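**Q** heads up, no residue letters with this:
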Ligand code: HEM
């Protein structure tokens, strides 16, 4: 049941149920807990309150949706109503240039321009292919480190290496393939400082800026300093790309040139303000591109590899599939080979279902007061969707907490065609669904398939002696392994 609500109608709908408590005390309690603790509490609440729960933390209600068909009604069937973003909080506004990036932009022409630019200029299948040399280069770096570890017998702390590899790939796509390794590392380091350091500025969002500007002046100065560090690191690279572009236009530049994401930002014109982007806005968009694709994908890769270590028979089956496709003698798996590996795809999908790197989507809001599932969704509220719970629904997935890639394989041994966009029905939503679905979905799947196939082809991965791989979670920027995966690796061929 879904109908639209207008204040002039006589039927009055109420917000979805919320836990009964004193609003100020409960706000403080919820704000103090980590996101993972809040997720567990929300799950607990939904058992008694039903598939939609409201929390009153801060001035506006936050609504959480657990049910797959309600998520479908909202995000797919009524996508144009449910695809807005709440206004950025004061501290976030400094980092997102006043909502001038894809993930924070309101649902409207500016968001559409940014998103279309990314999807058609950079993530389009034909363009994506042109970065395959960068992927080969990064794979070479990763192999180099791992080979050394294998030789010395040292264990591998996998996440660090995965994060580095993924960061390199995104930085190269963003700023072009002419960067030195040192430059790539510096860009990675400044992004890590921003990601790890941002939590301490959340306090600036608790009261209006006029208040915090007086009471927390020092904290504001530190935030501006962090923003400046990011600008100082990235603006020279943007200027360099602009110079190369101008030289090419006047036919003085070389032809040896691969389009990078920042090149596409140089010409964009904001549809509402009718002006080009300033440098800080380009930094914001470039930085979003790097952040959005690095931690998410490396976290997913760590979870997948952890399961392949924990369940050697799955690793063996995957290795045999790869061998069946490429034979005995190739050094590396090429991207074209991946299409012939249904079990590889099944392993990746199962990894994303069982361990989605983000357990919530980026908060949505509605463009006007609306009703969902019989409850009011107010325009001034925030609405979120319980990503992990959708993929763990026992009505869809038998034994949902088990890691079973065979779920995605049909009886004939081929790959089941699985629609991860949820357009007909949502069975899981690791990338969100609908108009705000992750635009990097295809790139992320390619990165995961390419790296997992190559890592398994080149090395045998084993748990450390006596180590039982724990699948306990911890909340950082994404949901990571509480005990990071440490593995022993040995080359498949000497
Ligand atoms: C395994 C890897 C990834 C996962 C699990 C993931 C997941 C997500 C999720 C859950 C959202 C929020 C959807 C919503 O708000 O409804 C999102 C948004 C987004 N993602 Fe990803 N993502 C991944 C990789 C990437 C990559 C590689 C890129 C870019 C190169 C990227 C760029 C973005 C952007 C720009 C948005 C905002 C979209 C919008 O608001 O319109 N992501 N992603």
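**A** Received, thanks. Source: prediction; values computed, not measured.

**Q** Secondary structure element for the residue of the stretch 151-300 of the chain at minimum distance from the ligand, which one?
**A** Taking Cβ to the nearest ligand atom, the ligand has its nearest neighbour within the stretch 151-300 of the chain at residue 293, 2.9 Å off. Yep, even glycine has a C-beta here, placed from its N, CA and C like the rest. If you go by DSSP states H and E, residue 293 is part of helix 279-310.

**Q** what mean pLDDT does that helix have?
**A** On average, the pLDDT along helix 279-310 is 96.

**Q** for it, which positions count as buried?
**A** Using 16 or more other Cβ atoms under 10 Å as the test for burial, helix 279-310 gives 280-310.

**Q** Tell me how far stretch 133-145 lies from the chain's centre.
**A** Relative to the chain's own centre, stretch 133-145 is displaced by 22 Å; criterion: Cα atoms, centre = their mean, to the nearest Å.

**Q** Not counting that stretch itself, show me its contacts.
**A** The contact list for stretch 133-145, computed with Cβ atoms under 8 Å, 6 or more residues apart in numbering, reads 161, 164-165, 168-169, 172-173, 177, 181, 332, 335, 447, 450-451, 454-455, 458.

**Q** One more: stretch 99-106?
**A** Stretch 99-106 has contacts (Cβ under 8 Å, 6+ apart) with 84-85, 87-88, 92-93, 96, 110-111, 114-115, 118, 270, 277, 281, 284-285, 288, 292, 362, 439.

**Q** Could you pick out the buried ones from the residues you listed?
**A** Applying 16+ other Cβ under 10 Å to the contacts of stretch 99-106, the neighbour count classes 84-85, 88, 92-93, 96, 110-111, 114-115, 118, 270, 277, 281, 284-285, 288, 292, 439 as buried.

**Q** Restricted to helices, list those residues.
**A** 92-93, 110-111, 114-115, 281, 284-285, 288, 292 (DSSP state H).

**Q** how about a markdown table for these, with distance to residue 320 added?
**A** What follows is these, written out as a markdown table (distance: Cβ to Cβ, whole Å):
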| residue | distance to residue 320 |
| --- | --- |
| 92 | 48 |
| 93 | 52 |
| 110 | 50 |
| 111 | 45 |
| 114 | 44 |
| 115 | 41 |
| 281 | 50 |
| 284 | 46 |
| 285 | 43 |
| 288 | 40 |
| 292 | 34 |
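
**Q** Which two among these are spaced furthest apart?
**A** By the measure Cβ to Cβ, 93 and 115 form the most distant pair in these, at 19.9 Å.

**Q** quick revisit: tell me what the next helix or strand after the helix holding residue 293 is packed against?
**A** Going down the chain from helix 279-310, the next helix or strand is helix 312-326, by DSSP H and E. The contact analysis (3 or more Cβ pairs under 8 Å, 6 or more residues apart in numbering; DSSP states H and E) places helix 312-326 against helix 279-310, helix 335-338, helix 342-354, helix 441-458, strand 459-463.

**Q** Just the buried positions in helix 312-326, please.
**A** Those buried within helix 312-326 under the rule 16+ other Cβ under 10 Å are 314-315, 318-319, 321-322, 325-326.

**Q** Now do the same contact list for the residue of the stretch 151-300 of the chain closest to the ligand.
**A** Residue 293 neighbours (Cβ under 8 Å, 6+ apart): 166, 169-170, 440, 443-444, 447.

**Q** which residue ranges form the strands in the stretch 51-200 of the chain?
**A** Ranges of strands within the stretch 51-200 of the chain are 52-55, 62-65, 156-157, based on DSSP state E, counting those that start in this stretch.

**Q** how about the nearest residue to residue 340, chain neighbours excluded?
**A** Nearest residue to residue 340, sequence neighbours excluded (Cβ to Cβ, 6 or more residues apart in numbering): residue 325, at 4.8 Å.

**Q** Report the contact partners of the closest residue to residue 204 other than its chain neighbours.
**A** Nearest residue to residue 204 in three dimensions, chain neighbours excluded: residue 91, at 4.1 Å (Cβ to Cβ, 6+ apart). Listed by Cβ under 8 Å, 6+ apart, the contact set of residue 91 reads 198, 201-202, 204-205, 223.

**Q** So which of those wins on neighbours?
**A** residue 204 (23 neighbours; other Cβ atoms under 10 Å).

**Q** What pLDDT does the model give it?
**A** pLDDT recorded at residue 204 is 88.

**Q** Kindly report the same for the one 3 residues further on.
**A** Turning to residue 207, the model gives it a pLDDT of 82.

**Q** That one: which element?
**A** Applying DSSP H and E, one finds residue 207 in no helix or strand.

**Q** Also the one 4 residues further on?
**A** Taking DSSP H and E as the definition, residue 211 sits inside helix 209-215.

**Q** Now the next helix or strand after that helix: buried residues?
**A** Downstream of helix 209-215, the next assigned helix or strand under DSSP H and E is helix 217-249. Going by neighbour count (16+ other Cβ under 10 Å), the buried part of helix 217-249 is 220, 223, 226-227, 230-231, 233-234, 237-238, 241-242, 244-245.

**Q** Take these and write them to CSV, including distance to residue 417 and pLDDT.
**A** CSV is the format used below for the buried residues of helix 217-249 (distance: Cβ to Cβ, whole Å; pLDDT from 0 to 100):
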residue, distance to residue 417, pLDDT
220, 52, 95
223, 47, 95
226, 45, 94
227, 45, 95
230, 42, 96
231, 45, 97
233, 43, 95
234, 41, 96
237, 41, 95
238, 41, 96
241, 40, 93
242, 44, 94
244, 42, 88
245, 41, 87
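
**Q** from those, which are also near the ligand?
**A** Contacts with the ligand are made by none of the buried residues of helix 217-249, judged by Cβ under 6 Å from any ligand atom.

**Q** Counting neighbours, what do you get for the closest residue to the ligand within the stretch 301-450 of the chain?
**A** Closest contact between the stretch 301-450 of the chain and the ligand, by Cβ to the nearest ligand atom, is at residue 440 (2.2 Å). Residue 440 has 22 neighbours, counted by other Cβ under 10 Å.
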